[in-house]
Structures are given as C-alpha cells and as structure tokens.
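Visitor: predicted model, plus sequence, below.
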Amino acid sequence: MIVRTLKDCKNSERAINGGTWESVRMLLKNDNMGFSFHITTIFANTETPIWYQNHLESVYCMSGRGEVETVADGKIYPIEPGTLYILDKNDKHLLRASEDMEMACVFNPPLNGKEVHDENGVYALDGETLTD
Ligand SMILES: CC(=O)NCC[C@H](N)C(=O)O
C-alpha cells in the first residue's frame, strides 16, 4: 500500500506551478496504477486554454466557482462544488475561475510528473519524471 498526504506532497517536487494553476501530483505513472491523481488549484480570475490530445481527464470541483467552455461548440458549463466534468473526447476547452477552485483530477494515461501545457494546451506523453 502507498500512503501520502496532501501536506507532504505540497512541500515537495510534486507541486507544479502552471501559471494559472498549481497542481499537487499525489499519484503518478511510476506508482503503476494506470492513472494519476492530482489536487489542482485554479487561480481566481484566470482563463486557461487546455487541449489534452494525449490524455483523458476527469475533474471534480471541491471548492470555488468558475466555468468550462468546450471550444468546438461554444457551450459553457458552470462549475461549483460537487460538479464533475469529464473530458471523454479529448475536448479542447477553456477553463475559467471566478474564485480559486480546488479540483481533484484523474488522468489516463497517468502523468509522469513534471508536465505543463505546451503552446496548444497539450501535455506530452513523454513528460519528465519526478525524482522523489
Ligand atoms: C483542471 C486542469 O486540467 N487543470 C490543469 C492542471 C491539471 N489538472 C494537472 O493536474 O496537471
């Protein structure tokens, strides 16, 4: 069994800053679970363009408010505590926070650890692995 705390992970290399967000990557590819699990804070008053072409992601809002827009059809979905959005079609999207939003995120395939979005909002499949 593996046990980790958010507090310990926050004070380690697992905390990655992406500019408009910080993600604490508590479970990664090298744990061999087939998915990764992150606690992500999306900073208030930001918009983040994202397009996970290589990954599927589910995002559950624990606190804060905002919205997500799917770029293909311009649909806007409000996000509040209790909302789960599921990017089952590698959906290109715009994530907006009106308050700090704390999200629990699951990625399949799992992240290696150090991925940040490229200019298209994509994470590479061969991202750099954490050392700890
Ligand atoms: C919700 C979302 O995708 N935010 C960007 C960061 C991502 N959750 C991550 O953990 O890398």
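Guide: Yep, that arrived.
Visitor: what number of residues lie near Ser23?
Guide: Ser23 has 21 neighbours, counted by other Cβ atoms under 10 Å. No exception for glycine: its C-beta is placed from N, CA and C like everyone else's.
Visitor: quickly find the element holding the residue nearest to it when sequence neighbours are not counted.
Guide: Excluding the flanking residues, the one nearest Ser23 by Cβ to Cβ, 6 or more residues apart in numbering is Thr40, at 4.2 Å. For Thr40, the host element (DSSP states H and E) is strand 36-42.
Visitor: could you point out which element follows that strand?
Guide: Proceeding N to C from strand 36-42, the next assigned helix or strand is strand 46-50, under DSSP H and E.
Visitor: what distance do you get for the most centrally placed residue in the chain to the ligand?
Guide: The chain has Cys105 as the residue nearest its centroid, 5.2 Å off, counting by Cα atoms, centre = their mean. Going from Cys105 to the ligand by Cβ to the nearest ligand atom, to the nearest Å gives 4 Å.
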